[in-house]
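Novice: quick one, fold the following:
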Amino acid sequence: MDEKSKNHFQTAKENLKDANEELFKPKEDVVSYLVCKNSQKAIENYLKGYLSLRGFETNTDENLQNLLDRCKSLDSKFNQVDIETIDCKAEKMDSKYCQDVDKVSSCFDTADSLDTFLRRLKVI
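Specialist: Numbers count the residues shown, from 1 in each chain. This next block holds a predicted model:
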């Protein structure tokens, strides 16, 4: 595994951990923005890590849907990855989607599922 993909996967793991720790707080203490951003960044880094692992470059301005579509074109197993619950999947990440704890929990679940998916494929 090259250094770039390792860095993406390590960052994704840290983002997911940070989001999870925030969700373990009492609901009234959860900073939904932190869960949202860390979950989004985890998804982004997992997808970029996979693309990098396969020898492809990524851009800073790519949205989650574009990254996932690129992964799907390389491996049809990525069709199992569902990011439909993420409102910002097709645009630049923005805080306007990060207001509701239940909504950001869904974003976290997507990031966690992607982590599990990549482990099952033995990518990470």
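Novice: could you look up the SS state of residue 83?
Specialist: coil (DSSP: H, G, I helix; E, B strand; the rest coil).
Novice: could you pull up the residues touching it?
Specialist: For residue 83, the contacting residues are 43, 64, 65, 68, 89, 110, by Cβ atoms under 8 Å, 6 or more residues apart in numbering. C-beta: built from backbone N, CA, C; applies to glycine.
Novice: now residue 111
Specialist: By Cβ under 8 Å, 6+ apart, the neighbours of residue 111 are 12, 15, 16, 19, 39, 40, 42, 43, 46.
Novice: so which of the contacts of residue 83 wins on neighbours?
Specialist: The most crowded member of the contacts of residue 83 is residue 43, carrying 29 neighbours; neighbours defined as other Cβ atoms under 10 Å.
Novice: wait, that one sits on residue 110?
Specialist: Yes. The pair residue 43 / residue 110 is scored as a contact, 6.4 Å apart, by Cβ atoms under 8 Å.
Novice: joint contacts of the two?
Specialist: The contact lists of residue 43 and residue 110 share 83, 86, where a contact means Cβ under 8 Å, 6+ apart.
Novice: how many residues are close by the closest residue in space to residue 56 that isn't next to it in sequence?
Specialist: Nearest non-adjacent residue to residue 56, counting by Cβ to Cβ, 6 or more residues apart in numbering: residue 70, 7.1 Å away. The local packing of residue 70 (other Cβ under 10 Å) involves 18 other residues.
Novice: just the contacts of residue 83 now: which is nearest residue 27?
Specialist: residue 110 (19.7 Å; Cβ to Cβ).
Novice: which strand or helix spans that closest one?
Specialist: helix 101-120 (DSSP states H and E).
Novice: picking up where we left off before, confidence score at the residue nearest to residue 56?
Specialist: pLDDT for residue 70: 98.
Novice: show the contacting residues for it.
Specialist: 47, 51, 56.
Novice: drop anything exposed from these.
Specialist: Among the contacts of residue 70, those scoring as buried are 47, 51 (criterion: 16 or more other Cβ atoms under 10 Å).
Novice: which ones among the contacts of residue 70 lie within helices?
Specialist: 47, 51 (DSSP state H).
Novice: export the contacts of residue 111 as JSON lines, with columns for distance to residue 115.
Specialist: Shown next, in JSON lines, are the contacts of residue 111 (distance: Cβ to Cβ, whole Å):
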{"residue": "12", "distance to residue 115": "7"}
{"residue": "15", "distance to residue 115": "10"}
{"residue": "16", "distance to residue 115": "6"}
{"residue": "19", "distance to residue 115": "11"}
{"residue": "39", "distance to residue 115": "11"}
{"residue": "40", "distance to residue 115": "14"}
{"residue": "42", "distance to residue 115": "7"}
{"residue": "43", "distance to residue 115": "9"}
{"residue": "46", "distance to residue 115": "7"}
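Novice: good, we can wrap up now.
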